[in-house]
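1. got a sequence here, can you build the structure:
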Amino acid sequence: MSTNPLPIIVAPSVLASDFANLRENLTRIEAGGAEWVHLDVMDGHFVPNITFGPPVIRSIRKHSTLVFDTHLMIEEPDRYLGAFRAAGADIITVHQEVCPNLERTIAKIKGLGAKTGVAINPATSVDVLEEFLHDLDLVLVMSVHPGFGGQEFMKESIDKISRLRRLIDHAHLSVHLEVDGGIDARTAGQVVAAGANVLVAGTAIFGHPSPERAVRELREAAMS
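-> Sure thing, here's the model as predicted:
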């Protein structure tokens, strides 16, 4: 069982929401107690799908006080960091797999005044992050293959979460450990027990008749 001192944070992913009603969806998840909203940015290259970019984030920023947790599933993220920060991203997370000079990318995000995150795909070892942990605010473990919503949680992710939690705790760092993919009332407790404290959920929240109630139920499952 993890002794993670950080609070449990629910970060609904708008990837699974009705894009015609983004403003209303943000209001509903905030009413349910969500602290963050997860914004999955896809470019059709690093992952097969294309979602949205800075203009959409800018348009919804003025309608929400939630933390904008911006997950860049894109190639050459350095080219766009400034645009996403200017659009209202509070946290900018890039993928280790597409950053040839991760130290430089981290420094650029920090220079913009945003919180800094790095994500790893299911096939990527946690070892690649060890030397960078002291510079990060967040680590994101993908528990599905990135690019599509509604996938089944990959159970082998539990070990990766546990290993990352041990590395973070051993270094006495305050780094959020986020999990994205297949998170619902059934899996939330497992990832929190392993050491995660930020839960990204799309279908489990926006596929529910009441997104606000779904946020509360997910938190209850995570803490039980």
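2. make it CA atoms for all contacts and neighbour counts henceforth
-> OK.
3. and Arg28, how far from His63?
-> For Arg28, the distance to His63 (CA to CA, to the nearest Å) stands at 12 Å.
4. which one's more surrounded, the two?
-> Using other CA atoms under 10 Å as the criterion, Arg28 and His63 rank with Arg28 on top: 18 against 13.
5. over to the more buried one: give its phi and psi.
-> Torsion angles at Arg28 (phi, psi; degrees, to the nearest 10) stand at phi -70, psi -40.
6. which residues are in contact with it?
-> Arg28 is in contact with Pro211, Glu212, counting by CA atoms under 8 Å, 6 or more residues apart in numbering.
7. swap the cut-off to 6 Å and go again
-> Applying CA atoms under 6 Å, 6 or more residues apart in numbering, we find Arg28 in contact with Glu212.
8. likewise for Val67?
-> By CA under 6 Å, 6+ apart, the neighbours of Val67 are Trp36.
9. give me the below-cutoff pLDDT ranges for the protein.
-> Scanning the chain for pLDDT under 70 picks out 1-4, 148-150.
10. now with 90?
-> Along the chain, segments meeting pLDDT under 90 span 1-6, 48, 146-152, 224.
11. at which residues are the strands of it located?
-> According to DSSP state E, the chain carries its strands in the segments 9-12, 36-42, 67-73, 91-95, 115-120, 138-142, 176-180, 198-201.
12. so of those strands, which one's packed in deepest?
-> Among the strands of the chain, strand 198-201 has the highest mean neighbour count (mean count of other CA atoms under 10 Å), at a mean of 28.
13. and that one, what other elements does it pack with?
-> Applying 3 or more CA pairs under 6 Å, 6 or more residues apart in numbering; DSSP states H and E, one finds that strand 198-201 makes contact with strand 9-12, strand 176-180.
14. now for the ones you listed, which one comes closest to Arg165?
-> Minimum separation from Arg165 across the helices and strands packed on strand 198-201 (CA to CA) falls at strand 176-180, 7.5 Å.
15. now the helices and strands packed on strand 198-201 as CSV including distance to His170?
-> Shown next, in CSV, are the helices and strands packed on strand 198-201 (distance: least, CA to CA, whole Å):
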stretch, distance to His170
strand 9-12, 22
strand 176-180, 14
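16. who wins for proximity to Met42 among those strands?
-> Closest to Met42 of these is strand 176-180 (CA to CA; 14.5 Å).
17. what are the C-alpha coordinates of the closest one, in PDB please?
-> Provided in PDB are the C-alpha atoms of strand 176-180 (Å, rounded to 0.1, in the frame of the first residue of the first chain):
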ATOM      1  CA  HIS A 176       2.300  14.100  -8.900                       C
ATOM      2  CA  LEU A 177       2.000  10.600 -10.300                       C
ATOM      3  CA  GLU A 178      -0.800  10.500 -12.900                       C
ATOM      4  CA  VAL A 179      -2.400   7.500 -14.600                       C
ATOM      5  CA  ASP A 180      -4.300   7.700 -17.900                       C
END
